[in-house]
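**Q** Sequence and computational prediction follow.
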Amino acid sequence: MERLFFCLKRMLIEVISSDDKQNQQYCLKRTYEWFVKQQAAVGLIDAAQHAKEADFLNPGQVEAKKNEVEEAEEAERLILMDDVKHQKYKREMFLDEQRTEHKGILPAQQRIK
């Protein structure tokens, strides 16, 4: 365990003291990935925490997943807002006897305007 932290300390010192500022962020990311893998190998973090760390290291991938979910929700919302499909769904409710028509009472659509 001490060896793990010693290696991490040496790697971080090299990253921080590096003159190549453009490569510094890349090296820091790789150092962090190495440290997380070492912790997982030793058993200090479980699979769920390891997945969370992977998400932290790939913000673009997390953003892409979030956009996919939002697009799916928007597509479903548009389907639910489609008047033709909504009328068809309500008619199917009557056919499946989930709702019944009552004589002398107008449907809610006609009563409430």
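**A** Structure's in. What do you need?

**Q** The one helix or strand residue 24 maps to: what's the following helix or strand?
**A** Element membership for residue 24, per DSSP states H and E: helix 21-42. Using DSSP H and E, the next helix or strand after helix 21-42 towards the C-terminus is helix 47-57.

**Q** which other helices and strands contact that next one?
**A** With contacts taken as 3 or more CB pairs under 8 Å, 6 or more residues apart in numbering; DSSP states H and E, helix 47-57 sits against helix 21-42. (C-beta placed from N, C-alpha, C; glycine too.)

**Q** And the helix holding residue 24, how far out from the chain middle?
**A** Centroid separation between helix 21-42 and its chain, computed with CA atoms, centre = their mean, to the nearest Å, is 23 Å.

**Q** tilt between that helix and helix 47-57?
**A** Orientation of helix 21-42 against helix 47-57 (axes from the mean of the first three to the mean of the last three CA atoms, to 10 degrees) gives an angle of 180 degrees.

**Q** Any buried residues in helix 21-42, and which?
**A** By neighbour count on 16 or more other CB atoms under 10 Å, the buried set for helix 21-42 is 27, 31, 32, 35, 36, 38, 39.

**Q** May I have that helix exported as PDB, CA atoms only?
**A** Once non-C-alpha atoms are left out, helix 21-42 reads as follows in PDB (Å, rounded to 0.1, in the frame of the first residue of the first chain):
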ATOM      1  CA  LYS A  21       2.200  22.300 -20.200                       C
ATOM      2  CA  GLN A  22       0.100  20.900 -23.100                       C
ATOM      3  CA  ASN A  23       1.000  17.300 -22.300                       C
ATOM      4  CA  GLN A  24       0.700  17.900 -18.500                       C
ATOM      5  CA  GLN A  25      -3.100  17.500 -18.400                       C
ATOM      6  CA  TYR A  26      -2.900  14.200 -20.500                       C
ATOM      7  CA  CYS A  27      -0.200  12.800 -18.100                       C
ATOM      8  CA  LEU A  28      -2.200  13.800 -15.100                       C
ATOM      9  CA  LYS A  29      -5.300  12.000 -16.500                       C
ATOM     10  CA  ARG A  30      -3.200   8.900 -17.200                       C
ATOM     11  CA  THR A  31      -1.700   9.000 -13.700                       C
ATOM     12  CA  TYR A  32      -5.100   9.200 -12.200                       C
ATOM     13  CA  GLU A  33      -6.300   6.300 -14.300                       C
ATOM     14  CA  TRP A  34      -3.300   4.200 -13.200                       C
ATOM     15  CA  PHE A  35      -4.000   5.000  -9.600                       C
ATOM     16  CA  VAL A  36      -7.700   4.000  -9.900                       C
ATOM     17  CA  LYS A  37      -6.700   0.700 -11.600                       C
ATOM     18  CA  GLN A  38      -4.200   0.000  -8.900                       C
ATOM     19  CA  GLN A  39      -6.900   0.600  -6.200                       C
ATOM     20  CA  ALA A  40      -9.300  -1.700  -8.000                       C
ATOM     21  CA  ALA A  41      -6.700  -4.400  -8.300                       C
ATOM     22  CA  VAL A  42      -5.900  -4.200  -4.600                       C
END
